[in-house]
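Visitor: Based on what follows, work out the 3D shape:
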Amino acid sequence: MLALSAVANHWTKRRAEREDLTGTRIGIVLCCVFGVLLLGIRVLEYQHLNTTWTGSAYGSITFALLTLHTAHLATDFIDTVVLAVLMLRGPLEGRRFVDVSENCLYWWFVVISWVPVYLTIYVAPRVL
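Guide: Predicted coordinates for the structure are as follows:
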């Protein structure tokens, strides 16, 4: 799901850089939908962990990493919602397109930072 959100994010960034209002509006709303879905998945992920944050060192690391990534996910989601409202309501200025483009860059950080978090939480315990 995170990889699919990166595709929508990239598409939105390209539309914003071209100052394509209709495309940017569609893309930013799509990014908001992905944000809701990903936060919902994260809630389910927390509910189905087989550890507690006080149970072991693995549990503490798991909860710390998930919480850190969730904080980035949530703050970018909030920023995306604010930009969506601005893009849909106006008044629009050229800098709003720059704001959307920069927000999309931050989303890449959220997506790429998930790779080492995922490897640490889900792959390393099974390999080591």
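Visitor: For stretch 113-124, the averaged confidence score.
Guide: Across stretch 113-124, pLDDT averages out at 92.
Visitor: Kindly list the longest helix within this protein.
Guide: Longest helix in the chain by number of residues (criterion: DSSP state H): helix 57-89.
Visitor: List the buried residues in that helix.
Guide: Judged by neighbour count (16 or more other Cβ atoms under 10 Å), helix 57-89 contains these buried residues: 61-63, 65-66, 69-70, 73, 76-77, 79-81, 83-84, 86-87. Heads up, the C-betas are built off the backbone N, CA and C, glycines and all.
Visitor: tell me what that helix is packed against?
Guide: Using 3 or more Cβ pairs under 8 Å, 6 or more residues apart in numbering; DSSP states H and E as the contact criterion, the elements in contact with helix 57-89 are helix 21-47, helix 94-118.
Visitor: The ones you listed: which one's closest to Leu2?
Guide: Of all the helices and strands packed on helix 57-89, the one in closest proximity to Leu2, counting by Cβ to Cβ, is helix 94-118 (5.6 Å).
Visitor: Outside of that closest one itself, list whatever touches it.
Guide: For helix 94-118, the external contacting residues (Cβ atoms under 8 Å, 6 or more residues apart in numbering) are 2-3, 5-6, 9-10, 12-13, 16-17, 19, 24, 27-28, 31, 65-66, 68-69, 72-73, 76, 79-80, 83, 86-87.
Visitor: Thank you, goodbye.
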